[in-house]
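A.B. asks: The following block contains a protein sequence and its predicted model.
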Amino acid sequence: MTRRIDINNICYSLPSKPAQLSVQEKVTIIENIKKQLQVRNAVIVAHYYTDPEIQLLAETTGGCVADSLEMAKFGSQDPATTLLVVGVRFMGETAKILSPEKTIIMPTLEAECSLDIGCPYEAFSAFCDAHPERTVVVYANTSAAVKARADWVVTSSIAVELIDYLDSLGQKILWAPDRHLGRYVQQRTGADILCWDSTCIVHDEFKTQALRKMKKLYPEAAILVHPESPQAVVELADVVGSTSQLIKAAKYMQQKTMIVATDRGIFYKMQQACPEKIFLSAPTAGEGATCRSCAQCPWMALNCLQTIAEGLTESSIYHQVQIDEVVRQQAFVPLKRMLSFAAGLKHR
């Protein structure tokens with residue numbers, strides 16, 4: 001059955017999820033995937049929010065499970081000639097921007113991102129034109145065309161550091177698309193930031209009142225929050241950070257129970273890093289509310305073993321990422337700036 005989701009007063013359809021597989025069907029498909037990876041000289045680059053069985057498959061076949069920044073770096077540096085990007089479409093586009101000589105395929109090109117959808121190029125370009133004095137910084141969760149319009153691309157893992165750097169140069173910032181992350185960065189840096197108005201369908205759903213009630217049930221638990229969440233939720237956090245930063249925090253924090261406000265796909269890596277700890281999803285609905293995401297990106301969930309196998313065996317428009325070359329070259333500039341800045345942070 002096709003579902004519909006309302007984002008910023010626009011209604012979008014979601015394809016039905018693939019049917020559940022039996023254990024034997026999974027074994028057969030996984031073996032086929034492993035063979036096709038070798039035949040195509042391909043490697044799996046998967047996001048933390050994908051299904052645990054996909055993350056395990058990526059790890060056991062020499063691939064990568066990471067946040068969007070590390071996915072981009074891994075894909076550009078790995079010798080494989082084909083990258084199977086398991087995530088949402090902007091991640092596949094980012095891989096193509098950085099590695100135009102490689103074949104970039106995805107289990108499904110219908111895996112969207114609400115932040116990408118909520119920042120259409122034409123409207124965003126007009127917004128930039130109206131504020132020519134500002135340095136344009138866009139989040140990685142945007143289309144190739146929007147990236148091409150930007151001066152910088154950024155991920156949540158380096159957003160505070162980058163904006164702090166630009167602010168030190170006296171630059172005023174035009175930020176897009178996530179208003180919660182933009183507000184968080186502004187508060188941390190004090191920079192002059194003008195935000196585009198969009199949100200992540202997963203993180204925007206975490207509820208303050210319900211989180212307080214959950215904390216009362218687990219008074220010793222630590223609260224870990226992604227900065228794409230609403231301000232009131234962020235203010236309740238013990239740790240605020242990107243996906244990779246939250247995983248690291250789970251390792252060093254002494255609490256045995258963690259309440260986590262981000263996509264629950266991250267629990268695979270958290271449990272792997274801290275098998276003795278308990279991880280709970282932060283509540284996404286208060287009393288009488290209806291959850292749209294339930295702490296899981298509905299588009300990320302479209303990735304499965306079946307669609308991975310299809311992506312490797314079918315060379316159709318339904319799987320291969322293509323970007324106009326002019327747009328790709330323009331988007332490469334701010335992406336390269338991001339990677340160079342991130343590399344500089346590592347060597348400090």
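C.D. replies: Nice, I can see it.

A.B. asks: quick one: contacts for residue 329?
C.D. replies: Residues near residue 329 by CB atoms under 8 Å, 6 or more residues apart in numbering: none. All C-beta atoms are positioned from the backbone trio N, CA, C, and that covers glycine.

A.B. asks: What mean pLDDT does the one helix or strand it maps to get?
C.D. replies: According to DSSP states H and E, residue 329 maps onto helix 325-346. Averaging pLDDT along helix 325-346 yields 94.

A.B. asks: May I have that helix as PDB, with CA atoms only?
C.D. replies: Extracted as PDB, the C-alpha positions of helix 325-346 are listed here (Å, rounded to 0.1, in the frame of the first residue of the first chain):
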ATOM      1  CA  GLU A 325      28.300  17.500 -15.600                       C
ATOM      2  CA  VAL A 326      28.000  21.300 -15.300                       C
ATOM      3  CA  VAL A 327      26.100  20.900 -12.000                       C
ATOM      4  CA  ARG A 328      28.500  18.300 -10.800                       C
ATOM      5  CA  GLN A 329      31.600  20.500 -11.400                       C
ATOM      6  CA  GLN A 330      29.900  23.400  -9.600                       C
ATOM      7  CA  ALA A 331      28.800  21.200  -6.600                       C
ATOM      8  CA  PHE A 332      32.300  19.700  -6.400                       C
ATOM      9  CA  VAL A 333      33.800  23.100  -5.300                       C
ATOM     10  CA  PRO A 334      31.900  23.500  -2.000                       C
ATOM     11  CA  LEU A 335      32.100  19.800  -1.300                       C
ATOM     12  CA  LYS A 336      35.900  19.800  -1.700                       C
ATOM     13  CA  ARG A 337      36.100  22.800   0.600                       C
ATOM     14  CA  MET A 338      34.200  20.800   3.200                       C
ATOM     15  CA  LEU A 339      36.500  17.800   2.900                       C
ATOM     16  CA  SER A 340      39.600  20.000   3.100                       C
ATOM     17  CA  PHE A 341      38.300  21.800   6.100                       C
ATOM     18  CA  ALA A 342      37.400  18.500   7.800                       C
ATOM     19  CA  ALA A 343      40.900  17.200   7.100                       C
ATOM     20  CA  GLY A 344      42.400  20.300   8.700                       C
ATOM     21  CA  LEU A 345      40.400  19.700  11.800                       C
ATOM     22  CA  LYS A 346      41.800  16.200  12.200                       C
END
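
A.B. asks: how about that helix: buried residues?
C.D. replies: 327, 328, 330, 331, 332, 334, 335, 337, 338, 339, 341, 342 (16 or more other CB atoms under 10 Å).

A.B. asks: Between those, which sits nearest residue 105?
C.D. replies: Lowest distance from residue 105 to the buried residues of helix 325-346 (CB to CB) belongs to residue 328, with 16.6 Å.

A.B. asks: Now the closest one: closest residue in space that isn't a chain neighbour?
C.D. replies: The spatial neighbour of residue 328 that comes closest, neighbours along the chain excluded (CB to CB, 6 or more residues apart in numbering), is residue 97 at 5.3 Å.

A.B. asks: quick one, the host helix or strand of the one you found and helix 325-346 angle?
C.D. replies: Assigned by DSSP H and E, residue 97 belongs to helix 89-98. Helix 89-98 runs at 90 degrees relative to helix 325-346, counting by axes from the mean of the first three to the mean of the last three CA atoms, to 10 degrees.

A.B. asks: So which elements touch helix 89-98?
C.D. replies: strand 42-47, helix 68-77, strand 82-86, strand 103-105, helix 144-148, helix 325-346 (3 or more CB pairs under 8 Å, 6 or more residues apart in numbering; DSSP states H and E).

A.B. asks: could those go into a markdown table alongside distance to residue 239?
C.D. replies: Formatted as a markdown table, these follow (distance: least, CB to CB, whole Å):
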| stretch | distance to residue 239 |
| --- | --- |
| strand 42-47 | 20 |
| helix 68-77 | 18 |
| strand 82-86 | 27 |
| strand 103-105 | 33 |
| helix 144-148 | 29 |
| helix 325-346 | 19 |
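
A.B. asks: Quick one, which of those gets closest to residue 319.
C.D. replies: Residue 319 lies closest to strand 103-105 among the helices and strands packed on helix 89-98, at 4.8 Å (CB to CB).

A.B. asks: so for the helix or strand that the closest one is followed by, what's the average pLDDT?
C.D. replies: Next helix or strand after strand 103-105 toward the C-terminus (DSSP H and E): helix 114-117. Summarised as a single mean, pLDDT over helix 114-117 is 94.

A.B. asks: What about the closest residue to residue 76 other than its chain neighbours, how many residues nearby?
C.D. replies: Spatially, and ignoring its direct neighbours in sequence, residue 76 is nearest to residue 98 (4.3 Å; CB to CB, 6+ apart). Per other CB atoms under 10 Å, the neighbour tally for residue 98 reads 21.

A.B. asks: No more questions from me, cheers.
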